[in-house]
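1. could you work out the structure for the sequence below:
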Amino acid sequence: MFEALTERLSSTLDSLKGRGRLTEENIADALRQVRMALLEADVAVPVVKAFTDAVRARAVGAEVSRSLTPGQAFIKIIHDELVRVMGEPGAGLNLRAQPPVVILLAGLQGAGKTTTAAKLARHLAEARGKRVLLASTDVYRPAAMTQLERLAAQVGADYFAADPGTRPVDIARDAVQHARRHVHDVVIVDTAGRLHVDAEMMAEVQAVDRAIEPLERLFVVDSMAGQDAVNAARAFNDALALTGVILTKADGDARGGAALSVRHVTGKPILFLGTGEKTEALEPFHPERVASRILGMGDVLSLVEQVQARVDQEKAQKLATKLSKGQGFNFEDLREQLQQLSGMGGLEALLDKLPAGMMPPGAAGQVDDRMVRRQIAIINSMTPVERRRPAVIDGSRRRRIAAGAGVAVQDVNRLLRQQSDMERVMKKLKGGGLKKMMRGLAGRFPGGFPGGMPPRR
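-> Now for the predicted structure:
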């Protein structure tokens with residue numbers, strides 16, 4: 001998400017380097033480029049105008065401190081304004097009410113409401129310890145109810161089964177009563193979507209809203225929808241008095257305009273980002289972190305939180321103890337790392353949070369999560385002895401492993417080299433080489449790490 005916008009803004013801000021003062025003249029072209037970048041990203045025109053006017057008012061005549069270049073000062077101004085446009089950090093979902101708390105999801109067809117309902121249920125169960133009931137009032141889309149029932153089983157939530165011939169209003173009302181009788185903390189009601197906003201759709205979702213009186217009314221919107229997202233957000237907000245927004249498909253080839261426009265149009269906070277198809281691929285929306293991503297600074301805080309939440313700490317400690325005793329890093333260890341990587345949303349989702357300067361040019365475009373699945377398949381094709389002792393894998397074994405995994409021998413060779421390289425790195429880290437590695441990484445950036453954070457001593 002935001003890749004094209006990030007690239008355009010980065011090249012624009014580079015043009016200000018070497019200037020001693022920000023003036024109307026030397027930022028005029030930069031602002032023009034910023035305006036074009038935002039418009040190309042499908043940001044709503046009123047939002048673009050308000051944004052550039054605010055940046056100009058703050059930037060013109062601003063003195064640049066000795067420690068900052070004009071480019072850096074301008075970046076800081078744009079970062080602050082991006083945060084302002086997307087909204088200050090919110091308090092998250094409001095669950096302060098007598099259970100069951102009712103959450104209504106609304107939006108256009110194809111925005112990902114059903115998957116988002118399951119993701120939200122998983123988040124509430126894991127992060128906030130809630131017992132969740134899922135209910136679908138989508139009696140129009142084939143297999144919509146079946147889809148939500150299966151997803152509920154995956155995320156450990158309960159599902160309210162209803163007859164597809166029942167009116168949506170009655171399904172919603174019965175689901176809330178069921179949740180009350182069975183002591184659920186939260187009930188999430190997934191409503192039907194349409195390909196476009198229409199009177200019939202709005203009348204139905206308003207009727208459901210009146211019947212269950214939800215505490216949270218969340219608008220689920222596709223990040224790639226562009227101006228359609230803005231128009232739909234305005235219509236739903238007028239009909240439902242929304243309390244928040246969830247942006248889906250933020251991991252796709254999105255221009256990002258919805259994130260910068262929906263908050264402005266509705267005045268309601270963006271609460272979550274959907275970052276993949278898996279049920280764990282939902283993360284809280286932090287405007288300041290997303291602004292950093294847009295400007296190529298990455299989102300290391302979210303990356304750290306994601307790793308802490310998804311990595312099995314017990315297994316990580318066992319690996320650390322094993323390495324500290326001088327034992328090798330074998331294919332069983334590598335498979336474990338690859339499986340945990342997949343559980344965190346895959347390579348692309350992780351690299352998206354790294355600062356642009358920490359990746360080689362074009363690296364992001366070469367990332368393919370299928371590669372991770374292919375490597376796991378290769379390891380699974382090995383015998384237990386081969387996984388524990390990679391040195392025994394000779395030419396004939398490589399050919400057998402490749403045939404078993406359905407890949408070329410070159411793929412097996414590449415994975416063998418990767419395991420060997422990782423084992424060499426692990427040995428260096430065990431010998432205190434981590435500090436040297438961090439100092440070397442810091443040396444790639446002027447003044448230390450991106451964002452001015454020096455490595456710890």
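
2. is it true that Gly165 lies in a strand?
-> No - counting by DSSP: H, G, I helix; E, B strand; the rest coil, Gly165 falls outside a strand, being coil.

3. isn't it up against Tyr140?
-> No - judged on CB atoms under 8 Å, Gly165 makes no contact with Tyr140 at a distance of 11.8 Å. Any C-beta I mention is one placed from the backbone N, CA and C, and that applies to glycine too.

4. and the top helix by length along the chain, what other elements does it pack with?
-> Secondary structure of the chain per DSSP state H: the longest helix is helix 409-430. Judged by 3 or more CB pairs under 8 Å, 6 or more residues apart in numbering; DSSP states H and E, helix 409-430 is in contact with helix 313-324, helix 331-343, helix 369-380, helix 395-405.

5. re earlier: between Gly165 and Tyr140, which is the more surrounded one?
-> For Gly165 versus Tyr140, neighbours defined as other CB atoms under 10 Å are more numerous around Tyr140 (14 against 6).

6. excluding chain neighbours, what is closest to that one?
-> Using CB to CB, 6 or more residues apart in numbering and skipping residues adjacent in sequence, the residue nearest Tyr140 is Ala192, 5.3 Å away.

7. check Ala153 too.
-> Counting by CB to CB, 6+ apart, Tyr159 is the residue found nearest to Ala153 once chain neighbours are left out, at 7.4 Å.

8. how many neighbours does that neighbour have?
-> Tyr159: 20 neighbours (other CB under 10 Å).

9. got the contact list for it?
-> By CB atoms under 8 Å, 6 or more residues apart in numbering, the residues touching Tyr159 are Leu133, Leu134, Ala135, Leu148, Glu149, Ala152, Ala153.

10. Gln147 now?
-> Neighbouring residues of Gln147 by CB under 8 Å, 6+ apart: Thr114.

11. so where's the protein shaky on pLDDT?
-> The chain contains residues with pLDDT under 70 at 1-22, 61-72, 88-91, 226-227, 251-259, 292-293, 295-328, 341-369, 425-457.

12. got the domain ranges for it?
-> Following automatic domain parsing, the chain resolves into domains at 3-86, 101-297, 303-450.

13. ok, back up a step: so what's the residue nearest to Ala153 bridging to?
-> Counting by DSSP bridges, Tyr159 is bridged to Leu134.

14. got the phi/psi numbers for Asp222?
-> Dihedral angles of Asp222 (phi, psi; degrees, to the nearest 10) stand at phi -70, psi 120.

15. so it touches Thr248, yeah?
-> Yes - applying CB under 8 Å, one finds Asp222 in contact with Thr248, separated by 5.6 Å.

16. count residues in the vicinity of Arg374, would you?
-> 15.

17. excluding chain neighbours, give the residue nearest to it in space.
-> Val407 (6.2 Å).

18. ok, that neighbour - contacts?
-> Taking CB under 8 Å, 6+ apart as the test, what Val407 contacts is Arg374, Ala377, Ile378.

19. can those residues go into CSV with extra columns for distance to Thr116?
-> CSV is the format used below for these (distance: CB to CB, whole Å):
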residue, distance to Thr116
Arg374, 29
Ala377, 30
Ile378, 34
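
20. how close does Thr279 sit to Glu126?
-> 10 Å (CB to CB, to the nearest Å).

21. of those two, who's got more company?
-> Neighbours were tallied for Thr279 and for Glu126 using other CB under 10 Å; the higher tally belongs to Thr279 (19 against 13).

22. got the phi and psi for that one?
-> phi -70, psi -20.

23. now it: how far from Glu216?
-> 19 Å.

24. how near is the nearest residue to Ala207 once chain neighbours are set aside to Asn380?
-> Spatial nearest neighbour of Ala207, chain neighbours left out: Val169 (5.0 Å); criterion: CB to CB, 6+ apart. According to CB to CB, Val169 and Asn380 sit 50 Å apart.

25. neighbour count: these two, which is higher?
-> Val169 (16 against 13).

26. tell me the secondary structure of Ile246, please.
-> Under three-state DSSP, Ile246 comes out as strand.

27. beta partners of it?
-> Beta bridges link Ile246 to Val220, Phe272, judged by DSSP bridges.

28. quick one: it and Arg217 touch, right?
-> No - with contact defined as CB under 8 Å, Ile246 does not count as touching Arg217 (11.4 Å).

29. compare these two (neighbour count), which wins?
-> Ile246 (25 against 21).

30. distance of that one from Gln418?
-> Distance from Ile246 to Gln418, counting by CB to CB: 37 Å.

31. do Val169 as well
-> Distance, Val169 to Gln418, using CB to CB: 56 Å.

32. run through who's touching the helix or strand where Asp53 lies.
-> Asp53 is part of helix 45-59 when elements are defined by DSSP states H and E. Applying CB under 8 Å, 6+ apart, the external contacts of helix 45-59 come out as 22, 27, 31, 34-35, 38-39, 43, 73-74, 77-78, 80-82, 84-85, 260-261, 264-265.

33. can you list the helices and strands that the very next helix or strand once past it packs against?
-> Downstream of helix 45-59, the next assigned helix or strand under DSSP H and E is helix 70-86. With contacts taken as 3+ CB pairs under 8 Å, 6+ apart, helix 70-86 sits against helix 3-14, helix 24-40, helix 45-59, helix 257-266, helix 287-294.

34. return the list of strands paired to the next helix or strand after helix 70-86, each annotated with direction.
-> Using DSSP H and E, the helix or strand that follows helix 70-86 in sequence is strand 101-106. The strands beside strand 101-106 in its sheet (DSSP bridges) come out as strand 186-190 (parallel), strand 216-222 (parallel).

35. pick the most buried one from the ones you listed.
-> Highest mean neighbour count of the strands paired with strand 101-106: strand 186-190, a mean of 28 (counted as mean count of other CB atoms under 10 Å).

36. before we move on, the earlier item: mind listing what's buried in the helix holding Asp53?
-> Of all the residues in helix 45-59, those buried under the rule 16 or more other CB atoms under 10 Å are Val47, Val48, Phe51, Thr52, Ala54, Val55, Arg58, Ala59.

37. pretty sure Ala281 contacts Gly274?
-> Yes - using CB under 8 Å, Ala281 is in contact with Gly274, at 6.3 Å.

38. between the two, which one's more packed in?
-> Using other CB under 10 Å, the more surrounded residue of Ala281 and Gly274 is Gly274, with 25 against 20.
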